[in-house]
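Student: The sequence and its predicted three-dimensional model are supplied below.
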Amino acid sequence: MIKIDSPRGRLALMVAHCAGMVDLVALPLWVGTLMGHYRFDPQQAGGLATLFLAAAVVASVLLAPMFGRLPRRAIAVLGFGSSAVAFFMASTLHDFAGMALAHAVAGLASGAALSVTHGTIARGGNPHRLFAIVGMALGVFAVAFFAIVPPLLGKIGGPALFQAFATVMAVAALVALLAFPQVEGGENASRTNTPPAPLPKAVWFGIVGIAGMGLVQAMTFAFLERVGHAREFGTAAVTGVLVTLSIVNLFPAALAAVLEKRWNARSVMLTGPVLQALLVALIMQSTVFAPYAAAAAVFAAVMIFTHTFAFGLLARLEPSGRALAATPAMMMTGAAIGPILGGTLVKFFGYGSLALAAALIAVIAVFCFSRLPAQASARAEGAVA
């Protein structure tokens, strides 16, 4: 049996996390490609990304309550494999209806695989540290992605993006087949005749807060490249910002691991949405390149850093893995709404409207995180701070 905290198990979870969270890396290039290469308007481009993310949410919501009874390795393999096929099909299409179907299928499949991945991470010996490790892997993946894919887009055109996605998913399926870990005691260790206990109240507040941050992340990130072009900063400069962002993303998860015992998780989570909203204001309202570039470069890092602390805290509050098997739903409920909401706001009110929306959502997220306990020593704690 391959254990979660073994080298092979960690490697498989790292690869699976990178594939399943590809939107966190590629969303600006994704929406930018749909607009620039396929000539979809902001609402259509955002809508396609939203279809992928919404389908991932559906898969996660359906599977998370059954996490303890699922054949996790099989779902990871079939999920990533099916997503690879769907993305390859997308690379052969140019019409909106066909692209929409391919995005929906890819989202359902990769969402299912990511759900069992995150539920498995939550069952590790130290979920905070393990989530930080897979987060560091995502940072390395982001650097490689932006080193390889943009030049291919320039040479091949839009299909190169979806071919790259298909390759990533296929690799994840293969690695999952060879090394996806099992929870101690086997796939069926959690099967009992006793109904699972309800999730603690605090966990629900955490879920809503993370979804809010995911909404701001996707709403802004989807149009980070486009706003740079709209401000006429130049293709080379905007591409340089995306590359810098990917390099910066190497560090927040590692920093979160180092600070795990030194910084209070609830305090980090209360600060994250505020900082995120301030960065959105700089990105979307700056007419000067330097503030835009500085804010954009660290924007995703705020989400990665905050979410690592949130993952560890929620894993202590709800140790069965059910809540964190729903991590794709937490992240992608907001993320699914983000591109279409952002596209609609941009289409009718301009890029500056995203800053106001981010501020309003930040207020809700801060309120939700304020309801979490300062400490989560009791594994099933339901108290509200």
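Tutor: Yep, it's here.

Student: you'd agree Leu29 is up against Leu242?
Tutor: Yes: checked against CB atoms under 8 Å, the pair Leu29 and Leu242 is within contact range at 6.9 Å. All C-beta spots, glycine's among them, are computed from the backbone N, C-alpha and C.

Student: overlap in contacts of those two?
Tutor: 146, 150, 225 (CB atoms under 8 Å, 6 or more residues apart in numbering).

Student: Save the residues you listed as a markdown table, and put in secondary structure, distance to Ile207 and neighbour count too.
Tutor: What follows is the shared contacts of Leu29 and Leu242, written out as a markdown table (DSSP: H, G, I helix; E, B strand; the rest coil; distance: CB to CB, whole Å; neighbours: other CB atoms under 10 Å):
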| residue | secondary structure | distance to Ile207 | neighbour count |
| --- | --- | --- | --- |
| Phe146 | helix | 31 | 21 |
| Pro150 | helix | 34 | 18 |
| Glu225 | helix | 29 | 24 |
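
Student: for those residues, which one is nearest Lys261?
Tutor: The closest of these to Lys261 turns out to be Phe146 (CB to CB; 32.8 Å).

Student: State the distance from that closest one to Met169.
Tutor: 18 Å (CB to CB, to the nearest Å).

Student: same question, Ala19
Tutor: Counting by CB to CB, the gap from Ala19 to Met169 is 6 Å.

Student: any residues in contact with both of the two?
Tutor: 80, 83, 110.

Student: Drop anything exposed from those.
Tutor: 80, 83, 110 (16 or more other CB atoms under 10 Å).

Student: List the ones among those that fall in helices.
Tutor: Among those, the members found in helices (DSSP state H) are 80, 83, 110.

Student: mind listing what the last one touches?
Tutor: Residues near Ser110 by CB under 8 Å, 6+ apart: 19-20, 22, 56, 79-80, 83, 169.

Student: repeat for the second one
Tutor: For Ser83, the contact set (CB under 8 Å, 6+ apart) comprises 19, 105-106, 109-110, 113, 165, 169.

Student: So Phe96 sits against Arg39, correct?
Tutor: No: contact between Phe96 and Arg39 fails when scored by CB under 8 Å: they sit 10.4 Å apart.

Student: and the helix or strand containing Asp23, what other elements does it pack with?
Tutor: Element membership of Asp23 [criterion: DSSP states H and E] is helix 22-36. Packing partners of helix 22-36 (3 or more CB pairs under 8 Å, 6 or more residues apart in numbering; DSSP states H and E): helix 42-63, helix 127-156, helix 159-179, helix 201-221, helix 224-230, helix 235-248, helix 289-317, helix 327-349.

Student: So what's the model's average confidence on that helix?
Tutor: Averaging pLDDT along helix 22-36 gives 85.

Student: can I assume Phe131 is in contact with Gly312?
Tutor: Yes: with contact defined as CB under 8 Å, Phe131 counts as touching Gly312 (6.7 Å).

Student: So which of those two has more stuff around it?
Tutor: Ranked by neighbour count (other CB atoms under 10 Å), Phe131 and Gly312 place Phe131 first, with 29 against 24.

Student: show me the contacts for the closest residue in space to Ala295 that isn't next to it in sequence.
Tutor: Spatially, and ignoring its direct neighbours in sequence, Ala295 is nearest to Leu282 (3.7 Å; CB to CB, 6 or more residues apart in numbering). Counting by CB under 8 Å, 6+ apart, Leu282 makes contact with 291-292, 294-295.
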